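In: Provided below for reference: sequence and predicted model.
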Amino acid sequence: MTMTLSVGGRGYGIGFPTDRCVPGSRFSGMAARRARGTGTIFRDQRGYWTVVLPMPSREGKRRRSTKRFKDRGAALQHLRHFEFSRSGTDLPRAAEYPSGVGTTTVGEWFEYWLAECVYPQLRPRTADGYRSAVKNHIVPGLGAATPLVSVRAADVRRMQHAVQDGHSPTTVRNIHTIAARAFDVAVREEEIPRNPVRLIEQPRPARPALDVPTMAEVRRLLDAFKTRPDGLKWMTYVLTGARRGEVVGLEVDRVGTHIDISWQLQTLRRGETGRPIAPPDFDYRHLYGGFFLTRPKSRAGWRTVPLISPLRELMERHLETMEPNPWGLVFTRKGRPIDPNMETRLWPAVQREILGEDRHVRLHDLRHAAVDLLYAADIPEELIVELVGHSTRAMTRSYKSPAHLDRLTRAMSGVEGLIS
């Protein structure tokens, strides 16, 4: 016999066979309650097993997804998949711990540091970047078998010079920073007496050559996007300032008069259980294979951007005619989630077609163009910071291109009006 629980549209109970309830307990003869936000399963009046799952709120309103099944096992499987996709991570463990007597090698230390200090603390993509720098540059450059205590500043310089061949100044600077942090931990844990990386100057940062479209070129792009099959997606970058993971991770349920940018799509490495290799408090939702929806890096990245014309009309038309997909994504490629890296590979051909072969506008430069648009429209800076999801005004200003001639002319015309 199975107990059923009427939830009245708001309950969070689940039906269990009565023989699983402990006789004499306060749960005997009634269904156990599930924690709020974890989903609901119950049998409705028609005999269908109904699963109600919480969905991202929109404009402050709670929303839920409801699915019905004839088979209780299928309903439970659907609920368990939801729970599995929202909780738990995998973390690597160090094979060996340092001895602390001066015999630890460079290879052993960095393996330990990645497993015990990097992956439990940093976001997965950042941690993977650290791992790549360690495996490809730092350990080979210093020598895996080299005793950690014997590494000198000159060894670090040689490693950096080796990286400079074929890599950008930004890469060299990042590797210096990663190595310095690893050796800082070695000092704190008394593996070495001092940090050799801190004894040499940090490489100078690169000055990226931006090729941001002008206002006239932005208008040309928007006109071209109106007639392209993939135009809506590229227009979303320009008129929202969203990052590539935020665009390809956009869900139908988060689009209305505004776009709720509170999740981004990322491809993550998974551990043995299929969960992402990430800190225990990492917030994610599993979509498919290695595709996950994750929260933005900072709370400032959670934002709401109003839809404006012509993006609003294109989006409404797309949502009315699009082929549904199991993940509720606005944009897919061949019916599946889009790898954000694919966006970077597809964009150059689009920009060459519209702007010409002599231009080298990166996909991320569209975010700079969006900031320029907001400044050109005389939007207050504090609102620009909020719309693009920056954590500080200084970061937003760094995205602003050098003043275009039309802005300079408008500014000086104002001065002319004061003195005439």
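Out: That came in fine, so what should we check first? On a predicted model such as this, the values are computed, not experimentally measured, just so you know.
In: Now do the strands in this protein.
Out: With DSSP state E applied, the chain shows strands at 40-43, 49-58, 61-69, 258-261, 264-267, 284-288, 291-294, 303-306, listed in chain order.
In: A206: what's it in contact with?
Out: Contact analysis of A206 by Cβ atoms under 8 Å, 6 or more residues apart in numbering lists 168-170, 173. Bear in mind the C-beta positions are built from the backbone N, C-alpha and C, glycine included.
In: what about the strands of the chain, which gets the closest to K226?
Out: K226 lies closest, by Cβ to Cβ, to one member of those: strand 258-261, at 18.6 Å.
In: Show me which residues of the closest one are buried.
Out: Of the residues in strand 258-261, 259-261 count as buried by neighbour count, 16 or more other Cβ atoms under 10 Å.
In: Would you mind listing the outside residues contacting it?
Out: The contact list for strand 258-261, computed with Cβ under 8 Å, 6+ apart, reads 56, 58-59, 236, 240, 242, 246, 250, 254, 296, 301-307, 389.
In: one more time with 6 Å, if that's ok
Out: 242, 246, 254, 303-306 (Cβ atoms under 6 Å, 6 or more residues apart in numbering).
In: Could you pick out the buried ones from those?
Out: Among the contacts of strand 258-261, those buried by neighbour count (16+ other Cβ under 10 Å) are 242, 246, 254, 303-305.
In: remind me, longest helix of this structure?
Out: Assignment by DSSP state H gives helix 169-188 as the longest helix of the chain.
In: Going by neighbour count, list what's buried in that one.
Out: 171-176, 178-183, 185-186.
In: And stretch 206-218, by the same measure?
Out: Of the residues in stretch 206-218, 212-213, 217-218 count as buried by neighbour count, 16+ other Cβ under 10 Å.
In: for stretch 131-145, same thing?
Out: Buried, per 16+ other Cβ under 10 Å, within stretch 131-145: 131, 133-134, 137-139, 141-142.
In: Which of those residues sits closest to A224?
Out: Among these, and counting by Cβ to Cβ, the member closest to A224 is A133, at 38.9 Å.
In: which residues does the closest one contact?
Out: 175, 178.
In: picking up where we left off before, give the other helices and strands that the longest helix of the chain contacts.
Out: helix 124-133, helix 153-164 (3 or more Cβ pairs under 6 Å, 6 or more residues apart in numbering; DSSP states H and E).
In: wait, which of the ones you listed is closest to A94?
Out: Closest approach to A94 among the helices and strands packed on helix 169-188 (Cβ to Cβ): helix 124-133, 13.6 Å.
In: Give me the angle between the closest one and strand 284-288.
Out: Between helix 124-133 and strand 284-288, the angle comes out at 80 degrees (axes from the mean of the first three to the mean of the last three Cα atoms, to 10 degrees).
In: What are the buried residues along helix 124-133?
Out: Applying 16+ other Cβ under 10 Å to helix 124-133 flags 124, 127-128, 130-131, 133 as buried.
In: And the furthest pair within the contacts of strand 258-261?
Out: Checking those with Cβ to Cβ, the most distant pair is E246 and P306, at 15.4 Å.
In: quick one, domains of the chain?
Out: 18-84, 106-199, 215-262+302-409 (automatic domain parsing).
In: how about those domains in a markdown table, adding distance to V415 and mean pLDDT?
Out: A markdown table is the format used below for the domains of the chain (distance: least, Cβ to Cβ, whole Å; pLDDT from 0 to 100):
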| stretch | distance to V415 | mean pLDDT |
| --- | --- | --- |
| domain 18-84 | 43 | 63 |
| domain 106-199 | 39 | 94 |
| domain 215-262+302-409 | 11 | 89 |
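In: Now render those domains as a markdown table, adding distance to D281.
Out: Formatted as a markdown table, the domains of the chain follow (distance: least, Cβ to Cβ, whole Å):
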| stretch | distance to D281 |
| --- | --- |
| domain 18-84 | 16 |
| domain 106-199 | 10 |
| domain 215-262+302-409 | 16 |
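In: can you tell me which of the ones you listed comes nearest to Y284?
Out: The nearest among the domains of the chain, by Cβ to Cβ, is domain 106-199 at 8.8 Å.
In: returning to that earlier point: so can I have a markdown table of the strands of the chain showing distance to L329?
Out: Below are those laid out as a markdown table (distance: least, Cβ to Cβ, whole Å):
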| stretch | distance to L329 |
| --- | --- |
| strand 40-43 | 24 |
| strand 49-58 | 13 |
| strand 61-69 | 14 |
| strand 258-261 | 13 |
| strand 264-267 | 8 |
| strand 284-288 | 8 |
| strand 291-294 | 9 |
| strand 303-306 | 18 |
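In: For T227, find the nearest of those.
Out: Evaluated over the strands of the chain, closeness to T227 peaks at strand 258-261, with 22.3 Å, by Cβ to Cβ.
In: Just give the number of residues close to the closest residue to R157 other than its chain neighbours.
Out: The spatially closest residue to R157, leaving aside those adjacent along the chain, is I200, at 6.1 Å (Cβ to Cβ, 6 or more residues apart in numbering). Neighbour count of I200, defined by other Cβ atoms under 10 Å: 14.
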